[in-house]
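Enquirer: model the following, please.
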Amino acid sequence: MPNYTTHLNLAKPLPNESADITVINANMDAIDDAIGTGLVADNITFTDSANLFNATTVEGALNELFINADNGKKAIAGVVGQPLNNSDSFVQMQSKIQVLKDTLAINLVNNSIQADGSEDLRALVNKVSNIDISLKTYSIEYTPNLPTGSGTSQFPPFSVPGTPVIATVSGSYQFTTGPIVTYVTCPLLNMQSPITFTQSGDINPNVSVANRDTAIAKVLYY
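Expert: Predicted structure coming up:
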């Protein structure tokens, strides 16, 4: 009597037995049947020693891997927001996140904070608190040197080394006859640099000016 294999029950003739073509053909048919119907992903089982899967077949495990990866991408895109999308591959997400880090680093450098896009995201975010957001003052003087009775003069445009928030002009003027009058203009808000005043001190253009001291423009900026 021959021996038989464990899984497919294939006949194995003993050394003292003669080979039988019928037995060989039967073994071939059994192997063919097993391959044709059994070696597909939803029929192949596997050993999960680390208990990583709930599935017991290869196809089930592949489905779990896909679902976990897809959920992971959705979670990342949901936290980061644009420009990341749920449909991005992990490589695309990596590239987009790196662009965000590089942009953050550039913005920090533009605010006098040493930074590089190769740093950890946490390190870059922590550096944001080092940005100096206090307002600074920029002053510029202008002396029209107008002859007597010539009217008003426009304060020339000027730029500040930052983003202007509020500006005023102060100085003094004198009518052809009369006392010297000091003035401060109403604050100008939300300006664009360069700053232009329509006329020095916003004095009524119908007032003739005999003499004017130096006008000073002061700008608060960040």
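Enquirer: what's the weakest-modelled helix or strand in this structure?
Expert: strand 211-212 (a mean of 52; mean pLDDT, DSSP states H and E).
Enquirer: report the next helix or strand after that strand in sequence order.
Expert: strand 215-221 (DSSP states H and E).
Enquirer: for that next one, which positions count as buried?
Expert: Ala215, Ala217, Val219, Leu220, Tyr221 (16 or more other C-beta atoms under 10 Å). For glycine as for every other residue, the C-beta is placed from the backbone atoms N, C-alpha and C.
Enquirer: closest to Ala61 among those residues?
Expert: Proximity of the buried residues of strand 215-221 to Ala61 was ranked by C-beta to C-beta; the top entry is Tyr221 with 61.2 Å.
Enquirer: which helix or which strand is home to the nearest residue to the closest one once chain neighbours are set aside?
Expert: Spatial nearest neighbour of Tyr221, excluding adjacent residues (C-beta to C-beta, 6 or more residues apart in numbering): Gly162 at 4.0 Å. Assignment of secondary structure by DSSP H and E places Gly162 within no helix or strand.
Enquirer: roughly how far is the longest strand along the chain from the heart of the chain?
Expert: For the chain, the strand with the greatest residue count under DSSP state E is strand 164-174. For strand 164-174, the separation from the chain centroid amounts to 40 Å (computed by C-alpha atoms, centre = their mean, to the nearest Å).
Enquirer: which strands or helices does that strand pack on?
Expert: Counting contacts by 3 or more C-beta pairs under 8 Å, 6 or more residues apart in numbering; DSSP states H and E, strand 164-174 is packed against strand 180-184, strand 188-189, strand 211-212, strand 215-221.
Enquirer: hey, least reliable of these by pLDDT?
Expert: Of all the helices and strands packed on strand 164-174, strand 211-212 carries the lowest average pLDDT, namely a mean of 52.
Enquirer: domain map for this protein?
Expert: For the chain, automatic domain parsing gives the domain ranges 3-38, 89-132, 136-221.
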